[in-house]
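Trainee: Next input, structure requested:
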Amino acid sequence: MSDGPNPYDELTALFVTEPDETAKAPAATTIELVVVGSLPVRASLWLPPYADALAREAGPTALLRLDNEVPFLQLLRAPETLAAQPWPTLVDAIAGLGPHIGTWIIRPPLDLTPGDLSTSGCDRITILCSVNDTAIVDAYQRSKALVDEARARNAQPPALGVAVLGSDRHGAVRMQQQLSRTTESYLGVELSMVACVQQIDATVRASDCLTFPTDDHPSLATVLMWIREARASTPAPSAGPSPPGAGGAAQPAPQPAPRAEATPTVKLAPKPTVELEPKGSARAQEPDEDGRPVSLTAHIDGISTLEVRCPGHERLEIGVDPAGRLHVASREADMRRLHVVAAWARAHHELIARACPDHWFDPKVPTVLHVFTDRPSTVTDLYGCDLRLHVLAPVPGQGPQRWYYAPLNTTVP
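Mentor: Next comes the predicted model:
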């Protein structure tokens with residue numbers, strides 16, 4: 001019998017040996033810039049699901065947007081105690097969070113050139129795109145601009161990746177392979193697959209959303225410098241994470257408790273089966289009056305509800321205001337269909353005008369999109385996009401069901 005290692009023992013060890021949790025900690029913080037390519041809907045809707053997809057693999061992740069008037073920070077799959085700290089400024093937040101965040105995803109300011117991005121010193125630039133022909137061409141052109149500008153400045157281009165959004169895994173891999181072969185042949189760089197997010201998941205929740213309205217808008221170079229300084233610090237034992245003091249230096253942060261000795265594996269009995277209530281029953285909580293659904297657009301001042309619906313998306317409502325602007329309204333669960341219905345309404349505005357001769361339509365103005373929710377906290381990440389948000393929630397009490405309505409923002413595209 002051979003004295004070498006037994007392959008069966010090695011295979012068994014893969015399943016019964018206690019996993020080394022320390023190996024899951026990132027060796028170094030990753031700083032990634034995201035470049036928005038051709039997407040099926042607004043980038044602001046895709047960014048949190050994309051960041052959450054990376055956080056599922058890399059652990060606590062920070063999504064920092066510098067493309068707004070004020071910096072906007074979201075934490076994904078991070079302890080809620082981190083976001084609960086009273087960070088007074090962005091530099092304080094980065095310094096305090098730096099030792100605990102494995103990946104920083106940054107949407108840079110919109111006025112930066114490809115040369116500014118490719119020579120920023122980030123670890124990776126990821127292009128967000130879909131799988132159609134237009135998106136493939138756009139992703140290649142953006143990759144070429146990043147590579148050419150870096151080489152023109154005698155700099156090594158950073159690692160490039162692509163995140164395919166709005167497609168299944170098979171289509172995403174095929175698109176990435178096709179695009180990578182092209183970039184390798186003509187640019188000499190590989191375009192790796194960073195993530196594939198099939199659809200916008202409305203259940204993605206960030207630990208918290210932090211804004212810093214009192215800050216002067218920092219440059220990308222300044223933010224990257226803060227992150228590099230923060231990731232060089234090492235957490236030390238303390239009662240809990242505390243906000244940094246003056247100068248942005250991080251205070252001691254907690255270390256994980258020592259691991260207990262390994263205990264024998266215990267095989268648990270299967271959990272009892274739980275019968276789930278059919279999804280259709282959720283419709284009982286929708287606004288109704290004498291058993292008939294209450295129009296969502298009826299709650300919007302100045303909007304006339306139209307008796308037309310987009311085929312296949314009849315739950316979304318279409319209205320028009322006195323200026324001839326079309327409005328599309330949906331509940332939170334259907335908001336992924338808003339842009340589909342809006343595109344259909346624009347393409348068929350003449351048909352809608354004939355069906356509703358009492359109203360005037362202006363096809364040149366953009367369509368306004370509305371989202372109604374009964375839980376305002378679930379749409380906090382949508383405040384910066386081109387959606388009008390409304391709360392429509394049941395009011396507890398005896399007698400006929402009553403509903404509370406209020407607008408959550410007044411953003412007009």
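
Trainee: Pull out the buried residues from stretch 393-410.
Mentor: Of the residues in stretch 393-410, those buried by neighbour count under the rule 16 or more other Cβ atoms under 10 Å are 393, 403, 408. C-beta here means a position set from N, CA and C on the backbone, and glycine is covered the same way.

Trainee: what's the span of that stretch from first residue to last?
Mentor: Stretch 393-410 has an end-to-end distance of 19 Å (criterion: Cα to Cα, to the nearest Å).

Trainee: In strands only, show me the buried residues of stretch 393-410.
Mentor: Judged by DSSP state E, strands contain the following of the buried residues of stretch 393-410: 393, 403.

Trainee: of the buried residues of stretch 393-410, the lowest pLDDT goes to which?
Mentor: Lowest pLDDT within the buried residues of stretch 393-410 is found at residue 403 (80).

Trainee: Okay, it and residue 87: tell me how far apart.
Mentor: 37 Å (Cβ to Cβ, to the nearest Å).

Trainee: now swap in residue 128 and tell me
Mentor: Applying Cβ to Cβ to residue 128 and residue 87 gives a distance of 27 Å.

Trainee: Between these two, which has more neighbouring residues?
Mentor: Each of residue 128 and residue 87 has its neighbours counted (other Cβ atoms under 10 Å); residue 128 has more, 25 against 20.

Trainee: part of a strand, is the more buried one?
Mentor: Yes - under DSSP: H, G, I helix; E, B strand; the rest coil, residue 128 falls within a strand.

Trainee: Relative to residue 79, how far out is residue 232?
Mentor: Using Cβ to Cβ, one gets 21 Å for the distance from residue 232 to residue 79.

Trainee: What score does the spatially most central residue of the chain have for pLDDT?
Mentor: Nearest to the geometric centre of the chain sits residue 48, at 1.2 Å (Cα atoms, centre = their mean). Residue 48 is assigned 88 on the pLDDT scale.

Trainee: Can you tell me the SS state at the closest residue to residue 161 other than its chain neighbours?
Mentor: Leaving aside its sequence neighbours, residue 161 sits nearest to residue 194 (Cβ to Cβ, 6 or more residues apart in numbering; 3.8 Å). Three-state assignment for residue 194 (three-state DSSP): strand.

Trainee: Just give the number of residues close to residue 194.
Mentor: 21.

Trainee: For it, give me its contacts.
Mentor: Residue 194 makes contact with 54, 124, 126, 161, 162, 163, according to Cβ atoms under 8 Å, 6 or more residues apart in numbering.

Trainee: what residue ranges in this protein score low on pLDDT?
Mentor: 1-28, 40-43, 201-208, 214-215, 233-294, 411-413 (pLDDT under 70).

Trainee: tell me, how many neighbours does the residue nearest to residue 306 when sequence neighbours are not counted end up with?
Mentor: Spatially, and ignoring its direct neighbours in sequence, residue 306 is nearest to residue 318 (4.9 Å; Cβ to Cβ, 6+ apart). Residue 318 has 24 neighbouring residues, counting by other Cβ under 10 Å.

Trainee: and what of residue 61?
Mentor: 25.

Trainee: And it, how close does it get to residue 127?
Mentor: Residue 61 is 18 Å from residue 127, by Cβ to Cβ.

Trainee: Repeat that for residue 136.
Mentor: Relative to residue 127, and taking Cβ to Cβ, residue 136 is found at 11 Å.
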